[in-house]
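Engineer: Here is a sequence with its predicted model. Questions after.
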Amino acid sequence: MPESVKKSRVDDVVYRDLEEMAVSPIIMSHRAREGSPELATMVRVIARHYADRGYGVPEALAAFDA
């Protein structure tokens, strides 16, 4: 469990560790022809995470041109 969740405990809520690793897809939306450096950095980070975990990098990310 992330430290941020551990610190934000709520009364009457029980937090339990999962027995198996859980994953969630990364979904990213942006305006057409958005060219900010921050968006380009986010695309690179997401693409690297896909590759590091052995997933194919989605075509839209691979083709992104900031």
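Structural biologist: Yep, it's here.
Engineer: make it CA atoms for all contacts and neighbour counts henceforth
Structural biologist: OK.
Engineer: pLDDT weak spots in this structure?
Structural biologist: 1, 65-66 (pLDDT under 70).
Engineer: what comes up buried for the lengthiest helix in it?
Structural biologist: As assigned by DSSP state H, the longest helix anywhere in the chain is helix 37-52. Applying a neighbour-count criterion of 16 or more other C-alpha atoms under 10 Å, one finds 43, 46, 47, 50 buried in helix 37-52.
Engineer: Between those, which sits nearest residue 64?
Structural biologist: The closest of these to residue 64 turns out to be residue 43 (C-alpha to C-alpha; 7.6 Å).
Engineer: Quick test: name the residue nearest the centre of this structure.
Structural biologist: What sits nearest the mean C-alpha location of the chain, by C-alpha atoms, centre = their mean, is residue 26, with 4.6 Å.
Engineer: Now that one: closest residue in space, sequence neighbours ignored.
Structural biologist: residue 46 (7.8 Å; C-alpha to C-alpha, 6 or more residues apart in numbering).
Engineer: ok so, going back, now do the longest helix of the chain: which elements does it pack against?
Structural biologist: When contacts are defined as 3 or more C-alpha pairs under 8 Å, 6 or more residues apart in numbering; DSSP states H and E, helix 37-52 sits against helix 59-62.
Engineer: so how far is residue 64 from the residue nearest to the centre of the chain?
Structural biologist: Look at residue 26 and residue 64: by C-alpha to C-alpha, to the nearest Å, they are 16 Å apart.
Engineer: do residue 12 as well
Structural biologist: Taking C-alpha to C-alpha, one finds residue 12 at 45 Å from residue 64.
Engineer: I figured residue 43 hits residue 61, correct?
Structural biologist: Yes: counting by C-alpha atoms under 8 Å, residue 43 touches residue 61, with 6.3 Å between them.
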